[in-house]
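**Student:** structure, please.
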Amino acid sequence: MARRIRNLLAGAAAACLATTVTGVLGAGTAQAAEVTYESQTLRYICTYPLIGNDILDVKFQFQAPESVPSGGTVQPHDIVATATVPASVVSLLYYVGGIDGVRGTADGGVTVTNGSPTDVDISDLRIDEQFVSDPDSDFTVIAHQDAGTVVPTITAGEPGTLGADMGSFFAATVDFHYMNTNPPSWQGPESFECDLDTSIPQDTSFTPDMTVTPPATLD
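**Tutor:** Coordinates of the predicted model:
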């Protein structure tokens, strides 16, 4: 009987300890709310097939927690780049080059302030097959994160804010769809490289900044 009582007391004590520790750790590791971080629409100069250099306007966004403790880690997700090919370029590619579609992958970089690594390389954003619907209008091309996209984990620095800026260069590996072949066909891959247009002032920062809180403690 005495042994049974001791076993019951030991089990109760262990359960109490486990409950207490779980409660403390759970409070210290509560997940912050997710928010959308966005860049302004940035202008790049890109190497188009057949016609050479011309402009491309791109807006970037991703999802991440609104805050992270100092020394904690965060991994951006749901990354989307929305590019707008101007109508003048669309018309040239369509009427002169016979190009009416695109697909492939894109790579880019982000510079981080108060976090590490400071240079974050994101690779293999997916560009699904997309076709021109009106050759006399702007053409929107979307690249998005999928299961094959490589996104590094970022470690937060000192309490304060963690900032991110879009890099001055990105590249894509793409196939172009040529409607003037018999039969129409995809051709590629081709390298499509873009540099930030430095002839105009541009703010490459993402907003808002992420809040870095003091490290979590077990009081």
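**Student:** C-alpha from now on. contacts and neighbour counts both.
**Tutor:** OK.
**Student:** helices of the protein, residue ranges please.
**Tutor:** Under the criterion DSSP state H, the chain contains helices at 2-28, 87-91.
**Student:** lowest average confidence across those helices, which one?
**Tutor:** Lowest mean pLDDT within the helices of the chain: helix 2-28, at a mean of 35.
**Student:** I'd like to know how far residue 129 sits from residue 100.
**Tutor:** When distance is defined by C-alpha to C-alpha, to the nearest Å, residue 129 is 11 Å away from residue 100.
**Student:** with residue 193 instead?
**Tutor:** Residue 193 is 19 Å from residue 100, by C-alpha to C-alpha.
**Student:** tell me where the model's unsure across the protein.
**Tutor:** Residue ranges of the chain with pLDDT under 70: 1-31, 218-219.
**Student:** recalculate using a threshold of 50.
**Tutor:** Within the chain, the ranges that satisfy pLDDT under 50 run 1-29.
**Student:** please parse it into its domains.
**Tutor:** Domain ranges of the chain: 1-30, 32-213, per automatic domain parsing.
**Student:** CSV please, covering the ones you listed and showing mean neighbour count.
**Tutor:** Below are the domains of the chain laid out as CSV (neighbours: other C-alpha atoms under 10 Å):
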stretch, mean neighbour count
domain 1-30, 11
domain 32-213, 17
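**Student:** residue contacts, the nearest residue to residue 91 once chain neighbours are set aside?
**Tutor:** Among residues not flanking residue 91 along the chain, residue 135 sits closest, at 5.2 Å (C-alpha to C-alpha, 6 or more residues apart in numbering). With contact set as C-alpha atoms under 8 Å, 6 or more residues apart in numbering, residue 135 has these partners: 87, 90, 91, 94, 95.
**Student:** tell me the one among the residues you listed nearest to residue 175.
**Tutor:** Residue 175 lies nearest to residue 94 out of the contacts of residue 135, by C-alpha to C-alpha, at 14.7 Å.
**Student:** what helices and strands are in contact with the strand ranked longest in the chain?
**Tutor:** If you go by DSSP state E, the chain has its longest strand at strand 160-178. Counting contacts by 3 or more C-alpha pairs under 8 Å, 6 or more residues apart in numbering; DSSP states H and E, strand 160-178 is packed against strand 99-113, strand 185-196, strand 210-213.
**Student:** which one of these lies nearest to residue 56?
**Tutor:** Of all the helices and strands packed on strand 160-178, strand 185-196 comes closest under C-alpha to C-alpha, at 8.2 Å.
**Student:** strand 99-113 and that closest one, what's the angle between them?
**Tutor:** 30 degrees (axes from the mean of the first three to the mean of the last three C-alpha atoms, to 10 degrees).
**Student:** what lines up beside strand 185-196 in the sheet?
**Tutor:** Paired strands of strand 185-196, with direction, are strand 42-48 (antiparallel), strand 160-178 (antiparallel) (DSSP bridges).
**Student:** leaving out sequence neighbours, find the closest residue to the most centrally placed residue in the chain.
**Tutor:** In the chain, the residue lying closest to the centroid (C-alpha atoms, centre = their mean) is residue 79, at 3.2 Å. Using C-alpha to C-alpha, 6+ apart and skipping residues adjacent in sequence, the residue nearest residue 79 is residue 62, 4.3 Å away.
**Student:** residue 77 touches residue 65, doesn't it?
**Tutor:** No: counting by C-alpha atoms under 8 Å, residue 77 does not reach residue 65; the two are 10.0 Å apart.
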